[in-house]
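Asker: Dropping a prediction and its sequence here:
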Amino acid sequence: QVQLVESGGGLVQPGGSLRLSCAASGFTLDYYAIGWFRQAPGKEREGVSCISSSDGSTYYADSVKGRFTISRDNAKNTVYLQMNSLKPEDTAVYYCATDLQCPSSWEYLEVWGQGTLVTVSS
């Protein structure tokens, strides 16, 4: 079964950190760019970050630049999103998805995970 599974979400205080994981099963991540997206209550889904398959180049939305770091471990078939200096406005369900390019054009998103909830609150 082809799937992505996110984990690592939770409740954290402002200024805290979390590391999200996106683990693939049933296929190899090596050939795909992987994007992280988020959707806050009442808002549209937005792109947060992505990492290419070819040279590992990365992209970050302006809202998270300097605070989030994306990385991939092909041996573990997993992509990570390290989130530091978290803010209440980072509260959302975070999803990962396979893509054919980074930055994403949103045209080639194919396999999505189920999402993991991140809540930033004191």
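Answerer: Received, thanks. Just so you know, these numbers come straight off a predicted model, no measurement behind them.

Asker: Could you measure from the residue positioned nearest the centre of the chain over to Ser122?
Answerer: Centroid-nearest residue in the chain, with Cα atoms, centre = their mean: Trp36, separated by 2.6 Å. Noted for Trp36: a distance of 24 Å to Ser122, by Cβ to Cβ, to the nearest Å. All C-beta atoms are positioned from the backbone trio N, CA, C, and that covers glycine.

Asker: Leu18 too?
Answerer: From Leu18 across to Ser122, the span is 15 Å (Cβ to Cβ).

Asker: between the two, who's got more neighbours?
Answerer: Ranked by neighbour count (other Cβ atoms under 10 Å), Leu18 and Ser122 place Leu18 first, with 20 against 8.

Asker: For that one, which residues count as its bridge partners?
Answerer: Met83 (DSSP bridges).

Asker: pLDDT score assigned to it?
Answerer: pLDDT recorded at Leu18 is 98.

Asker: And for the one 3 residues further on?
Answerer: Per-residue confidence for Ser21 comes out at a pLDDT of 98.

Asker: need the contact list for it.
Answerer: Residues in contact with Ser21 (Cβ atoms under 8 Å, 6 or more residues apart in numbering) are 6-8, 78-80.

Asker: Now the buried members of those residues.
Answerer: Those of these that meet the buried threshold are 6, 8, 78-80, by 16 or more other Cβ atoms under 10 Å.

Asker: Going by residue numbers, what spans are strands in this structure?
Answerer: All strands of the chain, identified by DSSP state E, fall at 3-7, 10-12, 18-25, 33-39, 46-51, 58-60, 68-73, 78-83, 92-99, 116-120.
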